[in-house]
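Participant: just need the structure, nothing else, for what follows:
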Amino acid sequence: MKLPLLSYVGNNGMGTSDPPPQRNKLLRCSRCKCQNYCNTSCQRSAWVLHKNECKDLQRFSPGKPSETVLLVARLLQLSKKYSKESNSSDDFPCSLSELQSNHEHFNEQRKKQFVKLLSTLKNYCGDQLPSNQELLHLFGQVTCNSFNICDPEMQSIGVGIYLKSSLLNHSCSPNCTAIFVGTTIHIRAVKAISKGEECSISYIDLMNPSHIRQRMLQEQYYFTCDCTSCQEELLDAEMGSVTCENCSGQVLRRDDTSFQACSACNTQVLPTRISEVLHIEEESRSLLEDCDSFSEKLKSKSKGQENWQNLFKLWSKLSIKQAGVLHIENVYRVRTVDKLYDVAVNLQNWTDALYLAQKVIQSYRKLYPSFHPLIGVHLLRLAKLQHFLGSFTMAIQYLQQASDIIKVTHGLQHELYKQLEEIQSNCIVEARFYSSDTQDKVN
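Facilitator: Numbers count the residues shown, from 1 in each chain. Modelled structure (predicted):
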């Protein structure tokens with residue numbers, strides 16, 4: 001199901017429905033020098049919206065407002081137009097006013113975020129704004145209904161409001177997933193859906209224990225999830241599992257501060273070990289939550305390869321602390337290994353990247369639903385690494401596994417699936433060539 005976009009802002013500032021090109025090929029607005037575009041046609045079509053904000057961006061320079069501020073400003077531009085339209089016959093919302101806000105449930109942290117947004121918005125747009133109460137309501141609508149717009153590899157490139165897609169409820173075991181082609185959202189079924197059955201998507205990252213998922217949903221969306229996955233104790237126990245001191249087996253978690261006996265040798269977890277686990281998890285949580293600010297600090301002190309080397313040292317140090325304490329299925333361990341993989345790729349340490357990617361996919365398969373787009377994307381990355389390193393047989397195996405998932409999550413017409421098919425074709429040809437070449441040398 002392909003659904004239209006009300007408004008969006010991107011990390012690139014692109015006003016296009018085409019897949020994002022490489023940043024160094026983008027055209028930049030000559031006036032504000034903030035917004036980037038794929039080509040002149042893209043820039044021309046985006047001018048309808050951008051002409052109003054261009055002067056505001058020039059005034060705000062050299063800084064740039066956050067994505068949320070830009071999105072709220074764009075929605076204010078569009079609100080009059082959409083408020084005048086009547087509801088459609090299919091009972092889908094067709095104006096922003098129909099979206100839920102939940103601003104009356106804001107906690108202190110959310111209220112502080114609104115005060116900060118209000119101050120920035122006034123500096124950005126000037127004094128010609130609706131009342132604070134109206135802006136509070138709009139801010140609630142944005143925080144409760146916006147979608148992260150992702151590139152083909154599920155990396156966030158912006159944020160947008162999609163009126164019809166906002167009707168979809170959340171489940172930690174969803175039967176649909178949201179995939180983007182440029183800024184167009186596609187809602188795709190990932191399970192068999194019976195007639196009359198509700199379609200659902202996930203609002204949050206599912207690779208978290210149920211109590212963390214519940215907290216995230218309550219803090220941003222103000223509801224408690226009661227799906228089957230939230231009742232699944234085994235998955236929670238695996239996500240918080242640690243390594244046995246005696247045999248290195250997996251020790252499942254019972255709750256925040258206690259563990260079951262080792263599943264392999266029945267050894268109990270000692271209080272000193274529990275203290276060590278909690279300390280490492282807290283350090284991991286803090287670093288992972290602040291990873292963007294840490295990265296920016298390192299970038300300000302170094303450039304290019306030196307920056308990536310510093311990041312590799314940072315995540316390696318944390319990974320060494322986790323090893324032998326947190327099990328590979330512990331979510332903090334998985335996320336740290338994933339960070340190391342990204343840095344290894346940027347450093348072109350392909351052998352390290354392959355090893356780390358194999359670790360990550362083991363955990364992804366266990367902790368995410370079977371047809372989760374991230375599993376397909378990561379399998380494709382693995383295939384690319386194997387292909388680059390000349391392991392054509394392994395590359396073909398991973399490509400087939402990735403294909404089984406991506407054709408469901410992204411679809412046969414998506415550029416990611418077409419990219420997969422091209423790599424698969426090249427792999428098969430190269431595998432045959434090297435096989436025949438080897439045979440000729442033997443003869």
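
Participant: what ranges does the stretch 251-400 of the chain have for its strands?
Facilitator: 253-255, 258-259 (DSSP state E, counting those that start in this stretch).

Participant: of the ones you listed, which is nearest Leu354?
Facilitator: Of all the strands of the stretch 251-400 of the chain, it is strand 253-255 that lies closest to Leu354, at 30.0 Å by C-beta to C-beta. For glycine as for every other residue, the C-beta is placed from the backbone atoms N, C-alpha and C.

Participant: that older thread, would you turn the strands of the stretch 251-400 of the chain into JSON lines with mean pLDDT and mean neighbour count?
Facilitator: Shown next, in JSON lines, are the strands of the stretch 251-400 of the chain (pLDDT from 0 to 100; neighbours: other C-beta atoms under 10 Å):
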{"stretch": "strand 253-255", "mean pLDDT": "95", "mean neighbour count": "16"}
{"stretch": "strand 258-259", "mean pLDDT": "96", "mean neighbour count": "15"}
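
Participant: now distance to His279 too, for those, in TSV please.
Facilitator: TSV is the format used below for those (distance: least, C-beta to C-beta, whole Å):
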stretch	distance to His279
strand 253-255	16
strand 258-259	15
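
Participant: so which of these gets nearest Ile405?
Facilitator: For these, proximity to Ile405 was assessed by C-beta to C-beta; strand 253-255 is nearest, at 28.2 Å.

Participant: now for that closest one, which elements pack on it?
Facilitator: In terms of contact count using 3 or more C-beta pairs under 8 Å, 6 or more residues apart in numbering; DSSP states H and E, strand 253-255 is assigned the packing partners helix 233-239.

Participant: okay, now stretch 243-251: how far is its last residue from its first?
Facilitator: With C-alpha to C-alpha, to the nearest Å as the measure, the first residue of stretch 243-251 is 6 Å from its last.

Participant: hang on, the earlier thing: the strands of the stretch 251-400 of the chain: which one's closest to Leu389?
Facilitator: Ranking those by their distance to Leu389 (criterion: C-beta to C-beta) puts strand 253-255 first, at 36.4 Å.

Participant: buried set for stretch 381-396?
Facilitator: By 16 or more other C-beta atoms under 10 Å, the buried positions in stretch 381-396 come out as 381-387, 391-392, 394-396.

Participant: just the ones in helices from these, please.
Facilitator: If you go by DSSP state H, the buried residues of stretch 381-396 have 381-387, 392, 394-396 in helices.

Participant: low-confidence stretches in this structure?
Facilitator: 1-26, 38, 80-94, 292-304, 435-443 (pLDDT under 70).

Participant: now do the helices in it.
Facilitator: 40-60, 67-83, 108-125, 132-145, 210-221, 233-239, 271-289, 291-301, 304-322, 331-346, 350-367, 373-388, 392-409, 415-442.

Participant: if we can go back for a sec, need the buried residues of stretch 381-396 in TSV (columns: distance to Glu238).
Facilitator: What follows is the buried residues of stretch 381-396, written out as TSV (distance: C-beta to C-beta, whole Å):
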residue	distance to Glu238
Arg381	23
Leu382	22
Ala383	26
Lys384	28
Leu385	26
Gln386	27
His387	31
Ser391	30
Phe392	34
Met394	27
Ala395	29
Ile396	30
